[in-house]
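In: Curious how this folds, go ahead:
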Amino acid sequence: MDVFRANGLPWLTCRAADSDVVISSRIRLARNFRKVPFPNRADFEQLAAVLQLADGVMPVVEQATRQHLARFALDHLTKLQRDVLIDKRLITNNLAKNPQDRAVYISDDASISLLVNEEDHLRIACRTPGLALEQAYETASAIDDAFESRLDIAFDEKMGYLTSCPTNLGTGLRASVVLHLPGLVFTRNITNIVNISQQLGLTLRGLYSDDKEVYGNLFRVSNQLTLGFSEQEIIDNLKSAVKEITANERRARKALALYMKEHLEDDIWRAYGTLKYARLLTEKEVLALFSKVRLGIDMRLIEEVSAECFPDVLIGSRASWLQNLAGTENMSKNELDKLRAETVRAALAAHPGRGARAALR
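Out: Alright, predicted model coming up:
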C-alpha cells in the first residue's frame, strides 16, 4: 500500500471483534541504545549513527514480522508528506518537527511503524483492528526481540527499560485503544467515564479535539504508568476497562433507541443526506456528521452505506490528504471544502450497504 496514495488503512476495518465501538488497538514500545545520548541531547553525528544501527537490524525485523518495511527519511519528505503521515498516525509531530537524521519504517499494510530518533532512539508501534492488544503486542515484542538480539539496549535491573521521559520507564509500553462513543456523549455520561479511567491509572482523551470540544466522538484510552507493572498487567488492565466502557456505550445506545428513536433516526438520516449531497464540508463537519452515520450503521438504523467507508472518510477529510491529492499546498478554504465534499461523496458511493445494493437489484 502506498501511504501517500491510498487513504484507507487496513487496521481501521469494521470487521473485527467489538468494532461497533472499538475502532483499533495499538501497542507502542520505547527503546534506547546503550552508551548513546537520548535524541534530545544527541548531536547529528550520534543521531546518524543511531539510524545506521537501525538500518542494520531491519532485515532481521522483516524476517521476524514477515513483512516488508519501507524506509522514509524525514528530511527527504516534503512537509505535506510528513503531514499526511501525522494524520494517518504513523509518525508524531515531534518526529516531523526535527527531520534531520530521523526516519520511519512503515509496513506495507501500515500496521507497523518504527520511529527512529523521536523522543527515544526507537519507538515501535503496532496496530490492529478492534480489541486485539495481545496480537499487537506479539508483533511489537517480535520486533523488540530482533533489535535486542543485535544491539545493546539501555536496561536497568531496577528501573527497567531506560527512556527519555520518566513516565515510560519500566516496560516502556504504552497500550492504547481508539473508541467511538457517541452514546456516552449524547447521554452526557462521558465525563464519568473520563473520571473513572483516571482512577484506574488510564487516560481517556479525544482523538480529534481542541480545548473546548472533541470532534467525531472518537476517544483514545491508554495506560498512564509503565513502571512497576508487567506488560501483561498493563494490557489486562486496559482490556478490562475497554470492555466496561464498551458495555456502557452499548447501554447508552439502547437507551437512545428506546427513548429517542425518532430523534435519533432523524439525526442519522439528516447527517447521511448532508454527507451524500453537500458540496462544501469542513473537517469538523465531516467528523461530527459521520459519527452519527457510523452510529446508525452499527445500530442497523441505516443500510444505505457500509461501515467499510469509515477509514476512507476519516483520512479523506483531512486537509493534508486533500492537498496531497490535489498535488499542492496552495489551496483556499473553499477549494479544500469542495474537494473534501467530493472525496466524502465518493467514499460513500464506493461502499454501499445492503439497502443500497437491494435498491439496485
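
In: and L258, how many neighbours?
Out: Each residue near L258 was counted by other C-beta atoms under 10 Å, and the total is 9. Quick note: C-beta positions are derived from backbone N, CA and C, even for glycine.

In: Where does it fall, secondary structure wise?
Out: L258 is part of helix 231-259 when elements are defined by DSSP states H and E.

In: The helix or strand that that helix is followed by: which residues count as buried?
Out: Per DSSP H and E, the first helix or strand lying C-terminal to helix 231-259 is helix 261-277. Neighbour-count burial for helix 261-277, counted by 16 or more other C-beta atoms under 10 Å, picks out L264, D267, I268, W269, A271, Y272, T274, L275.

In: any chance of the residues you listed in JSON lines, plus distance to V194 and pLDDT?
Out: Listed next are the buried residues of helix 261-277 as JSON lines, based on distance: C-beta to C-beta, whole Å; pLDDT from 0 to 100:
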{"residue": "L264", "distance to V194": "24", "pLDDT": "96"}
{"residue": "D267", "distance to V194": "24", "pLDDT": "97"}
{"residue": "I268", "distance to V194": "25", "pLDDT": "97"}
{"residue": "W269", "distance to V194": "30", "pLDDT": "98"}
{"residue": "A271", "distance to V194": "25", "pLDDT": "98"}
{"residue": "Y272", "distance to V194": "29", "pLDDT": "98"}
{"residue": "T274", "distance to V194": "29", "pLDDT": "98"}
{"residue": "L275", "distance to V194": "29", "pLDDT": "98"}
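
In: can you put these in CSV and add distance to E304?
Out: Converted to CSV, the buried residues of helix 261-277 look like this (distance: C-beta to C-beta, whole Å):
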residue, distance to E304
L264, 16
D267, 15
I268, 10
W269, 9
A271, 12
Y272, 7
T274, 13
L275, 11
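
In: A103: which of those is nearest?
Out: Nearest to A103, judged by C-beta to C-beta, of those is L275 at 37.3 Å.

In: From what I see, that closest one and L287 are in contact.
Out: No - with contact defined as C-beta atoms under 8 Å, L275 does not count as touching L287 (11.0 Å).

In: quick one, what contacts H68?
Out: Shown in contact with H68 (C-beta atoms under 8 Å, 6 or more residues apart in numbering): E62, S107, D108.

In: So which of these are in strands?
Out: Mapping the contacts of H68 onto strands (DSSP state E) picks out S107.

In: For the protein, which segments are assigned as helices?
Out: 44-65, 79-87, 93-97, 133-150, 182-186, 190-199, 231-259, 261-277, 283-298, 310-316, 319-326, 333-350, 354-360 (DSSP state H).

In: Quick one, which of those helices gets closest to S209.
Out: Closest to S209 of those, according to C-beta to C-beta: helix 283-298, at 10.1 Å.

In: Counting by contacts, list what the closest one packs against.
Out: Contacts defined by 3 or more C-beta pairs under 8 Å, 6 or more residues apart in numbering; DSSP states H and E place helix 283-298 against strand 173-180, helix 182-186, helix 261-277, helix 310-316, helix 333-350.

In: By residue count, which strand of this protein is the longest?
Out: Counting residues, the longest strand found in the chain (DSSP E) is strand 22-31.

In: mind listing what that strand pairs with, with the direction of each?
Out: strand 122-129 (antiparallel), strand 173-180 (antiparallel) (DSSP bridges).

In: tell me the pLDDT at the residue nearest to R354 when sequence neighbours are not counted?
Out: Once flanking residues are discounted, R354 sits nearest to E303: 4.7 Å by C-beta to C-beta, 6 or more residues apart in numbering. Looking at E303, its pLDDT reads 95.

In: ok, now L200?
Out: Looking at L200, the pLDDT reads 89.

In: who's in contact with it?
Out: N237, A241.

In: Also I190?
Out: By C-beta under 8 Å, 6+ apart, the residues touching I190 are L181, L184, F219.

In: Now the second one: closest residue in space, sequence neighbours ignored.
Out: Right, the one you point to is L184. Per C-beta to C-beta, 6+ apart, closest to L184 is I190, 4.5 Å.

In: and what of the last one?
Out: What sits nearest to F219 in space, not counting adjacent residues and going by C-beta to C-beta, 6+ apart, is L179, at 5.0 Å.

In: ok, the one you found - how many residues close by?
Out: Applying other C-beta under 10 Å, we find 23 residues neighbouring L179.

In: Check L85 too.
Out: Neighbours of L85 under the rule other C-beta under 10 Å: 23.

In: Nearest residue to it in space, please, no chain neighbours.
Out: Sequence neighbours aside, I91 is the residue nearest to L85 in space, at 4.4 Å (criterion: C-beta to C-beta, 6+ apart).

In: Ok, T226 next?
Out: Using C-beta to C-beta, 6+ apart, the closest residue to T226 is G170 (4.3 Å).

In: Verify the stated contact: that neighbour with K158.
Out: No - between G170 and K158 there is no contact under C-beta under 8 Å: 10.0 Å.
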